[in-house]
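In: With the sequence up front, the predicted model follows.
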Amino acid sequence: MGNAKRLIEGSNMTCPRCEYPQDILRYVPMMQVKAFAAETNPVYKCPKCKWIFSPAAHVVEIFR
């Protein structure tokens, strides 16, 4: 597991589907309902392949 890919490295996030790394600011965050923000994870849309995914909470926490 030493060669495992990382979803977020520096300012880049890699789409789990197309595996294309891009600047995290290019990803489109889907709207979150503030009333449930503490109990939900952000959902992103890849600008290249349009895949919708939600990174694990411990991965995204540094961007909150």
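Out: Perfect, I can see it now. Numbering: from 1, shown residues only.

In: make it CA atoms for all contacts and neighbour counts henceforth
Out: Fine.

In: how about the strands in this structure?
Out: Secondary structure of the chain, counting by DSSP state E: strands at 8-9, 12-14, 21-23, 28-29, 44-45, 52-53.

In: Who are the packing partners of the second one?
Out: For strand 12-14, the helices and strands in contact under the criterion 3 or more Cα pairs under 8 Å, 6 or more residues apart in numbering; DSSP states H and E are strand 21-23.

In: what is the rounded mean pLDDT of the strand it packs on?
Out: Strand 21-23 shows a mean pLDDT of 96.

In: Tell me where this protein has helices.
Out: Listed in chain order, the helices of the chain (DSSP state H) span 57-60.

In: The residue lying closest to residue 46 once chain neighbours are set aside: neighbouring residues, count only.
Out: Nearest non-adjacent residue to residue 46, counting by Cα to Cα, 6 or more residues apart in numbering: residue 27, 5.5 Å away. Residue 27 has 20 neighbours, counted by other Cα atoms under 10 Å.

In: Find the centremost residue of this protein, please.
Out: In the chain, the centroid-proximal residue (Cα atoms, centre = their mean) is residue 55; its distance is 4.8 Å.

In: these two touch, right, that one and residue 41?
Out: Yes: counting by Cα atoms under 8 Å, residue 55 touches residue 41, with 7.4 Å between them.

In: and the residue lying closest to residue 56 once chain neighbours are set aside, how far is that from residue 4?
Out: Nearest residue to residue 56, sequence neighbours excluded (Cα to Cα, 6+ apart): residue 41, at 7.4 Å. In this view, residue 41 and residue 4 are 22 Å apart by Cα to Cα, to the nearest Å.

In: more crowded one of those two?
Out: Comparing residue 41 with residue 4 by other Cα under 10 Å, the one with more neighbours is residue 41, at 17 against 6.

In: quick one: contacts for that one?
Out: With contact set as Cα atoms under 8 Å, 6 or more residues apart in numbering, residue 41 has these partners: 54-57.

In: Alpha carbons of the helix or strand bottoming out on mean pLDDT in the chain, in CSV - could you do that?
Out: Ranked by mean pLDDT, DSSP states H and E, the weakest helix or strand in the chain is helix 57-60, scoring a mean of 75. Once non-C-alpha atoms are left out, helix 57-60 reads as follows in CSV (Å, rounded to 0.1, in the frame of the first residue of the first chain):
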residue,chain,number,x,y,z
ALA,A,57,-14.2,13.6,5.6
HIS,A,58,-10.7,13.4,7.0
VAL,A,59,-9.3,14.2,3.5
VAL,A,60,-11.4,17.3,3.0
